[in-house]
Structures are given as C-alpha cells and as structure tokens.
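Visitor: Any chance you could fold what I've pasted below:
(one chain, ligands or ions: 1)
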Amino acid sequence: MYPLKIIGLGPGHRDYILPIAKKEIEAAEVILCGVRHTESFDPTGKEILYIGKGTSLKDLLEEVAGIYKTRKTALVVSGDCGFYSLLSYAKKVIPIKDIVCIPGISSLQYFFAKLNLTWNDAELVSLHGREIDLLPALIDNKKLGFLTDKSHNTAFIARIMDAAGIQNSSIYVGEELSYANEKITKLTVKEALDFKEEGLSVVVIVNE
Ligand SMILES: C[S@@+](CC[C@H](N)C(=O)[O-])C[C@H]1O[C@@H](n2cnc3c(N)ncnc32)[C@H](O)[C@@H]1O
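Guide: A predicted model of the protein is given here:
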C-alpha cells in the first residue's frame, strides 16, 4: 500500500525544486497538480489530473482517494506544502496517516531571500481567495509578506494603507518569481495605488 505524497514544488523554476521532490515526482504514476506545474517537470508517461480544468477539486480528490493506495500518487503544490496549500483540504478526504509531505521553498521565502531580507520577523498573510481585515496587521507590524490574487493585489493593499494614512512604507512586488520573466518592483504607497501585476505575485511591505 502506498501513501499519498504531497510535494512542494517551490516557486516554479526547476533549479528551486528540492532533489527529493524531483525524485518523488519522477517516481509518481499519477499526479494531481495545477496546469502551470507541468512546466516544471516532465509529465511523460504519467497520468496527470489537472486542477482548474473543469473537474471540481472535491471530485479530483475523491478520485485520488480511490487510487493512491494501489498506484504511486502525488499531489504537487506550489511553494511549500505547509504554507497555504491544498494540504488542509486533502486531510479532509485522505486520512493523515496515509499522507507523506515533502517540503518546498515557499514563494515568500524565495522573495525575502531575493530582497536580502530576513523573514523570521515578518507577519505573513494570505490574501489568496480570502477576505480579511488587513489594517490591524498593517498597523502592528514593521515587515509583512502577502500572498495575493487577482483582486486582492498590490493596489488593493495600497488603497488600505493610503486610506489609513500609512505612507512611509516600501512596497516590493515579486512577479513570476524564479521564472525567466521574473519581475521585482519597489514602490511607494502612492505609486502602488495604480500598479498592475502581469502574473503570479507576492508582496513584501517594510514600514519605516
Ligand atoms: C495557493 S497559494 C500557494 C502558496 C505556496 N504554498 C507557497 O508556499 O508559496 C498561491 C499564491 O502563491 C504565490 N505564488 C506562488 N508561486 C509564485 C511565484 N512563482 N511568483 C509569485 N508568486 C507566487 C501567489 O501569491 C499565489 O497567488
């Protein structure tokens, strides 16, 4: 009987995938992952179940629940499996004793390193598909890292800061991190009000 491997892929570029994650992905016969993820490994000869191509996540995980014991199956997630990934959702369907997690480099961990900043002293927040009141965190912390999505983006964060009169902050946006088209931009709060991301992004704020 096999466990279900939940594998952190890192920010995307193959150089940032841990060797053990590469080995486990290579060994897998069935992989559940996002469409973008198959750019980071060779899917040849594997059955790939794509997230976001029509079939609901619930149905995909139920399919996985039916096969993982008899076929080597992996759920590949971006970044680290323990940081706002599908691990929590998978645990609702698959017993925890049957799950083996392989860590990866989180997008925010990668971005703090690119900025030569520590992240042990940062408040980490996910706005990915979440409605939360950001203001207390923005007031209480000197350094913050955000996962974003299309509407909860850099301009969204800047609007909250601007309305609260928080102006002496540097806003760093990391887009398509680790990929060839990686883009890093430093903005003031006023400049960030009109900023438009072109791809996947995370945001780091340093309050002076
Ligand atoms: C569902 S969360 C997954 C976070 C992931 N577990 C991690 O540790 O980075 C998806 C969000 O991660 C961020 N993200 C993941 N990969 C990225 C990349 N290569 N560049 C910029 N942001 C990225 C984006 O904010 C995206 O909306």
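
Visitor: Could you use CA atoms for every contact and neighbour count after this?
Guide: Noted.

Visitor: hey, what's E47 bridged with?
Guide: Beta bridges link E47 to V30, judged by DSSP bridges.

Visitor: Pretty sure it sits against A28.
Guide: No: using C-alpha atoms under 8 Å, E47 is not in contact with A28, being 9.1 Å away.

Visitor: Between the two, tell me which one has more neighbours.
Guide: Neighbour count, other C-alpha atoms under 10 Å: between E47 and A28, A28 has more, with 19 against 13.

Visitor: who's in contact with that one?
Guide: Contacts for A28 (C-alpha atoms under 8 Å, 6 or more residues apart in numbering) come out as K46, K72, T73, A74.

Visitor: Among those, which ones are in helices?
Guide: Secondary structure from DSSP state H places none of these in helices.

Visitor: how about low-confidence regions in the protein?
Guide: Applying pLDDT under 70 to the chain flags no residue at all.

Visitor: Up against the ligand, what does the protein have?
Guide: Residues of the chain lying near the ligand by C-alpha under 6 Å from any ligand atom: 11-12, 78-81, 83-85, 106-108, 128, 147-149, 174-178, 200-202.

Visitor: about what we covered before: with the contacts of A28 in mind, which one is nearest to L32?
Guide: L32 lies nearest to A74 out of the contacts of A28, by C-alpha to C-alpha, at 6.3 Å.

Visitor: can you tell me how far that closest one sits from the ligand?
Guide: The spacing between A74 and the ligand, counted by C-alpha to the nearest ligand atom, to the nearest Å, is 15 Å.

Visitor: Ok, V125 next?
Guide: With C-alpha to the nearest ligand atom as the criterion, V125 and the ligand are 10 Å apart.

Visitor: who's in contact with that residue?
Guide: V125 makes contact with L144, G145, F146, L147, according to C-alpha under 8 Å, 6+ apart.

Visitor: Could you chop this protein up by domain?
Guide: 4-105, 108-207 (automatic domain parsing).

Visitor: Run the chain-centre distance for the shortest one.
Guide: Right, domain 108-207. Using C-alpha atoms, centre = their mean, to the nearest Å, the distance from the centre of domain 108-207 to the centre of the chain it belongs to is 14 Å.

Visitor: what's the answer for the longest one, then?
Guide: Distance, stretch centre to chain centre, for domain 4-105: 13 Å (C-alpha atoms, centre = their mean).

Visitor: Can you measure across that domain, start residue to end residue?
Guide: Domain 4-105 has an end-to-end distance of 20 Å (C-alpha to C-alpha, to the nearest Å).

Visitor: Wait, R14 touches S40, no?
Guide: Yes: between R14 and S40 there is a contact under C-alpha under 8 Å: 5.6 Å.

Visitor: hmm, back to that, nearest to the ligand among the contacts of V125?
Guide: Checking the contacts of V125 against the ligand with C-alpha to the nearest ligand atom, the nearest one is L147 at 3.6 Å.

Visitor: what's the spacing between the closest one and L138?
Guide: Distance, L147 to L138, using C-alpha to C-alpha: 14 Å.

Visitor: just H13 next, same as before
Guide: With distances taken as C-alpha to C-alpha, H13 is found 31 Å from L138.
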